[in-house]
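K.L.:
I'll drop the sequence and a predicted model, then ask my questions.
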Amino acid sequence: MIRSHHLPLMVTLATFVLAYALCGMQYPSMFSTRVVANLLTDNAFLGIVAVGMTFVILSGGIDLSVGSVIAFSGVFLAVILRDTAIHPLAAFVLVLCITTAFGASMGALIHYLEMPPFIVTLAGMFLARGAAYVLSTDSVPIDHAFYDVLKDIYWKAPSGGRFRLIGGLMIVTFVVAGLVLHRTRFGQNVYALGGGAATARLMGVPLAGTTIGIYAVSGGLAGLAGIVFSLYTSAGYSLATVGVELDAIAAVVIGGTLLSGGYGFVAGTFFGILIMGLIQTYIVFDGSLSSWWTKIVIGGLLFAFILLQKGLTWATTTRRKTATGFATQS
Amino acid sequence: MNIKATLMASAVILSPVAALAADLTIGFSQIGSESGWRAAETTVTKQEAEKRGITLKFADAQQKQENQIKAIRSFIAQGVDAILIAPVVATGWDEVLEEAQDAEIPVVLLDRTVDAPDDLYLTAVTSDLVHEGKVAGEWLVSEMGDSDCRIVELQGTTGSSPAIDRKTGFEQGIDGHANLEIVRSQTGDFTRSQGKVVMESFLKAEGGDSICALYAHNDDMAVGAIQAIKEAGLKPGEDIKIVAIDAVPDAHLAIAQGEMNATIELTPNMAGPALDALEAYLADGTLPPKWIQTESKLFTASDDNQSIYEMKKDLGY
């Protein structure tokens, strides 16, 4: 039986299937492997960062710093590979350590100073963007043999679509995140925290560790997204990925995760990303619509999903009331 | 089902024929609409495509490279006949250009170039900024003849490539003519308001009577300077000769009113030469040169500036 908290996920899935079918009816080449491969490759960095955002939103928080962290990671990599002889793999590890630590310290501030995540991560957003500018204001090209090796890893489908490494990395991230959320103690704690800090404490959830862990995951995944973005554009640019945090939040909400926390699935986020990518692809295929329609359609979808969430919350609370009412009567 | 089958069939039939017939579909990935010139470029590109009966798929990247890459990949997936790109940055195009080459879709760069091997694109259509400055310098040389002329220069944003190149070009243009001398040169940041402020300081420092000509790196600064010259009680275009670059509608209007003498066009019509090259290439495989330089046309009072103004003002400048 489909439980009510599965419903938003089902709605997301149905929206995606329906939208894809409609697009494909109009432009048959939308069903080609090229489009599928493009959806995965072009949205890889957004998908990875949206996984982190799913953790944060499930716990009832928000992380506005991720877009800036992606830009910082990219510029950091580009500068370090240009100025030193460090191997890219070592640089990747360094970036992941820095961004995870950055996320963890934001989590610590949020927990110990009892500050709203909105404010703390807003400060983090400015800090990371500022740091990127300090490193370089120009677009720094990355020219390293190892990057070429990584970029040449792809599987070419017979009809021409190229499934690249970064798209695969995104899928792996989603799978691992799904396992962590549903099969580990940490995952349970994330959901519990989203249900309410007071309840979570009564349930014996270690609040400090969980909060710090969640923001560390988000920071680390933003760092990973930064690495992917640097592979995607072969450059680090401090002006890149402005506003990506908002796209990630939108993908999470369209994916059916409750903004107030506690309910949701990473699988939903995956389809949220695909829906957003699909809209962009459709607008390019059409070629006469203004690309700003992407924003309008995503805005409309967000509203629809927020209304749906509100409706569901309302429906479940009334049903529970009636249920308890019957219980006392009998 | 029936419709879908027909669509599928027509797509299959059309794609090989399209290259031969005039029925072309071309994707255009534009940077955005950050300046009046760029808006005009978009309008002109659409007009040029329509004139030739080409279906233009237009994608505005809103200043983001990731949007441009996505758009180009979607164009490839759609199987367009050719792609035009005005790249937002120079780096990071190799991968997507390789995919286009793999799908045998020619790519033409508009207005800017990229840091990628030049076998990945068919050609680049850009203006030559040094040449623009040189045309301005040469115009002033022929205008002045042997009489002495003290020139003031309004530079573009310090360190920007148009400012550097347009300065170099102008100096090349007046080189060897000792009667022409640049006496003051300062940045007006390409803006109207700064152009006015800096011109005011030139007039104060040099005295209005000892300045014979003004060279501005763009029309906007020249239009600001005209205001400053008028406020100083002098006649722009007569007491002080004015030459600038870009040929925006307001410059044509100023020339028509006799307040400015010459402007060199940075044409928004990059698509015209690009589409010519593409049509020739798709028809019989004619390879264009790797760089197509757009014409840097000189406009002076002898042109019908009023009607050019009327024509240009609706392009979106």
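P.N.:
Now that the structure is in, tell me what you want to look at. The model shown is predicted, which means the values in this text are computed figures rather than measured ones.

K.L.:
alpha carbons only for contacts and neighbour counts from here, please
P.N.:
OK.

K.L.:
contacts only, for residue B:138.
P.N.:
Listed by Cα atoms under 8 Å, 6 or more residues apart in numbering or on different chains, the contact set of residue B:138 reads B:170, B:173-174.

K.L.:
please flag which of those sit within strands.
P.N.:
Secondary structure from DSSP state E places none of those in strands.

K.L.:
and those residues, which is closest to chain A?
P.N.:
residue B:170 (27.7 Å; Cα to the nearest Cα).

K.L.:
the closest residue to chain A within the stretch 1-150 of chain B bridge partners, please.
P.N.:
Minimum separation of the stretch 1-150 of chain B from chain A (Cα to the nearest Cα) falls at residue B:57, amounting to 3.7 Å. For residue B:57, the beta-bridge partners are residue B:27 (DSSP bridges).

K.L.:
burial of it, as a residue count?
P.N.:
With neighbours defined by other Cα atoms under 10 Å in any protein chain shown, the count for residue B:57 comes to 24.

K.L.:
gap between the closest residue to residue B:230 other than its chain neighbours and residue B:188?
P.N.:
Leaving out its chain neighbours, the residue that sits closest to residue B:230 by Cα to Cα, 6 or more residues apart in numbering or on different chains is residue B:236, at 6.6 Å. According to Cα to Cα, to the nearest Å, residue B:236 stands 18 Å off from residue B:188.

K.L.:
of these two, which one has the most company?
P.N.:
A count of neighbours by other Cα under 10 Å puts residue B:188 above the other of residue B:236 and residue B:188, at 28 against 22.

K.L.:
show me what contacts that one?
P.N.:
Listed by Cα under 8 Å, 6+ apart, the contact set of residue B:188 reads B:154-157, B:194-195, B:197-198, B:221.

K.L.:
again, but for residue A:260
P.N.:
Residue A:260 sits next to A:57-58, A:60-61, A:194 when contact means Cα under 8 Å, 6+ apart.

K.L.:
can you pull out the strands in the stretch 151-300 of chain B?
P.N.:
B:180-187, B:213-216, B:241-246, B:262-265, B:291-293, B:298-300 (DSSP state E, counting those that start in this stretch).

K.L.:
out of those, which is closest to chain A?
P.N.:
Closest approach to chain A among the strands of the stretch 151-300 of chain B is made by strand B:180-187 (21.2 Å; Cα to the nearest Cα).

K.L.:
averaged pLDDT, the closest one. What do you get?
P.N.:
For strand B:180-187, mean pLDDT is 94.

K.L.:
mind listing what it pairs with, with the direction of each?
P.N.:
Partners of strand B:180-187 in the sheet, by DSSP bridges, are strand B:149-155 (parallel).

K.L.:
picking up where we left off before, least confident of the contacts of residue B:188?
P.N.:
Here the lowest pLDDT out of the contacts of residue B:188 sits on residue B:157, with 85.

K.L.:
the residue in the stretch 151-300 of chain A that chain B sits nearest to: how many residues sit nearby?
P.N.:
Using Cα to the nearest Cα, residue A:287 is the residue of the stretch 151-300 of chain A that sits closest to chain B, at 3.7 Å. Residue A:287 has 22 neighbours, counted by other Cα under 10 Å.

K.L.:
take the contacts of residue A:260 and keep only those in helices.
P.N.:
A:57-58, A:194 (DSSP state H).

K.L.:
residue ranges of the helices in the stretch 151-300 of chain A, please?
P.N.:
For the stretch 151-300 of chain A, the helices defined by DSSP state H, counting those that start in this stretch cover A:165-183, A:185-194, A:197-202, A:207-233, A:244-254, A:266-286, A:293-329.

K.L.:
and the second one, average pLDDT?
P.N.:
So the one you mean is helix A:185-194. Helix A:185-194 comes out at a mean pLDDT of 95.

K.L.:
ok so, going back, was I right to think the residue of the stretch 151-300 of chain A closest to chain B contacts residue B:55?
P.N.:
No: here residue A:287 does not reach residue B:55: they are 9.1 Å apart, not a contact under Cα atoms under 8 Å.

K.L.:
mind pulling up the pLDDT for the residue in the stretch 51-200 of chain A that chain B sits nearest to?
P.N.:
Per Cα to the nearest Cα, the residue of the stretch 51-200 of chain A with the smallest distance to chain B is residue A:141, at 6.0 Å. Looking at residue A:141, its pLDDT is 89.

K.L.:
for it, which residues are in contact?
P.N.:
A:78, A:234-236, B:91-92 are the contacts of residue A:141 under Cα under 8 Å, 6+ apart.

K.L.:
so what's residue 194 up against?
P.N.:
No chain was given, so I picked chain A. A:57-60, A:260-263.

K.L.:
let's do chain B instead
P.N.:
With Cα under 8 Å, 6+ apart, residue B:194 has these contacts: B:188, B:221, B:224.
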